[in-house]
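**Student:** Turn this into a model:
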Amino acid sequence: MTERIISLLIGYLLGCIITADIVARRLTGHDASHIGGSGNPGMANMTGRLGIKAGLITLSGDLLKCVLSGALSYWLFSDAGRIVLLYAGLGATLGHDFPFWRGFRGGKGVAATSMAVALYSFPLGVAANIAGMASVFASKYLCIGGPVIPAAFAVFMMMTGRREAALLSAALTLLSILKHRRDIAGIRRGATKKTDVLKIMGEKLKGRKE
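**Tutor:** All right, here's what the predicted structure looks like:
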């Protein structure tokens with residue numbers, strides 16, 4: 001149990017590094033909460049406010065801190081098995097969502113969650129991420145994809161008899177629902193904006209060709 005707790009703490013501390021704040025301060029002199037938009041320190045808001053390059057750097061950093069926490073945890077506790085990767089991933093997501101130095105106000109943890117499940121089981125993690133993307137394409141609600149990824153992974157873990165991994169995935173699902181609760185609740189009221197990702201991607205590709 002000790003190795004699991006330490007892996008969780010390693011993930012949390014690395015997760016507290018908010019890439020969006022670093023990028024935003026570099027480009028504007030202010031952190032991500034002061035650049036407008038949703039104020040969320042994630043890829044989507046950074047792309048919308050500061051451009052695709054800033055968004056991609058933010059995404060890369062958010063994925064990297066999950067990879068680093070998993071690699072360090074597995075290096076220290078490989079005898080405990082791959083489950084420490086998922087504990088580290090959960091920690092990284094918690095750190096990103098609730099960084100202590102930022103008053104526990106962080107992002108929504110979609111990138112960290114996506115990487116966490118892929119690190120633990122690459123094929124099933126990829127399948128879960130595809131399920132999340134498919135739910136966004138079908139519903140046109142970005143807030144749906146975040147919870148669907150760990151929820152799908154939890155189902156995969158139960159189907160393959162990995163109960164501890166399923167419980168951790170369920171925890172990631174609840175965490176994602178918590179962070180997206182306002183947008184999810186807004187769907188019924190018609191207050192949550194729809195985003196046709198496929199249409200936007202098509203327009204971007206068409207624009208490049210022209």
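**Student:** just for the chain, where's the confidence low?
**Tutor:** 36-39, 197-210 (pLDDT under 70).
**Student:** Number of residues surrounding the residue lying closest to F156 once chain neighbours are set aside?
**Tutor:** Once flanking residues are discounted, F156 sits nearest to L124: 4.5 Å by Cβ to Cβ, 6 or more residues apart in numbering. All C-beta spots, glycine's among them, are computed from the backbone N, C-alpha and C. L124 has 20 neighbours, counted by other Cβ atoms under 10 Å.
**Student:** can you pull the contacts of L124?
**Tutor:** Remark: with contacts taken as Cβ atoms under 8 Å, 6 or more residues apart in numbering, L124 is in contact with 117, 153, 156-157, 160.
**Student:** Ranking by neighbours, what's the top pick from these?
**Tutor:** Neighbour counts for the contacts of L124, by other Cβ under 10 Å, peak at F153, which reaches 32 neighbours.
**Student:** What helix or strand is that residue located in?
**Tutor:** Taking DSSP states H and E as the criterion, F153 maps to helix 142-159.
**Student:** And the helices in this structure, which stretches?
**Tutor:** Assigned by DSSP state H, the chain shows helices spanning 2-15, 19-28, 43-50, 52-77, 83-97, 110-120, 122-139, 142-159, 163-189, 197-209.
**Student:** name the helices or strands packed onto the third one?
**Tutor:** It stands for helix 43-50. Helix 43-50 sits against helix 19-28, helix 52-77, with contacts defined as 3 or more Cβ pairs under 8 Å, 6 or more residues apart in numbering; DSSP states H and E.
**Student:** What angle do helix 19-28 and the longest one make with each other?
**Tutor:** Angular relation of helix 52-77 and helix 19-28 on a 0 to 180 degree scale: 140 degrees, by axes from the mean of the first three to the mean of the last three Cα atoms, to 10 degrees.
**Student:** Buried ones in the helix holding F153, by neighbour count?
**Tutor:** Using 16 or more other Cβ atoms under 10 Å as the test for burial, helix 142-159 gives 142-157.
**Student:** same question, stretch 5-25
**Tutor:** Neighbour count says stretch 5-25 has 6-24 buried, by 16+ other Cβ under 10 Å.
**Student:** Could you do stretch 26-36 as well?
**Tutor:** So, applying 16+ other Cβ under 10 Å, buried residues of stretch 26-36: 27, 31-33, 35.
**Student:** what does it rub up against?
**Tutor:** Residues outside stretch 26-36 that contact it (Cβ under 8 Å, 6+ apart): 18, 20-21, 23-25, 39-41, 45-46, 49-50, 54, 105.
**Student:** Just the closest of those residues to A92, please.
**Tutor:** For the contacts of stretch 26-36, the closest approach to A92 (Cβ to Cβ) belongs to I18, at 11.8 Å.
**Student:** If you drop the residues flanking it in sequence, what lies closest to that closest one?
**Tutor:** P41 (5.0 Å).
**Student:** if I look at that neighbour, how far off is V84?
**Tutor:** For P41, the distance to V84 equals 27 Å [Cβ to Cβ, to the nearest Å].
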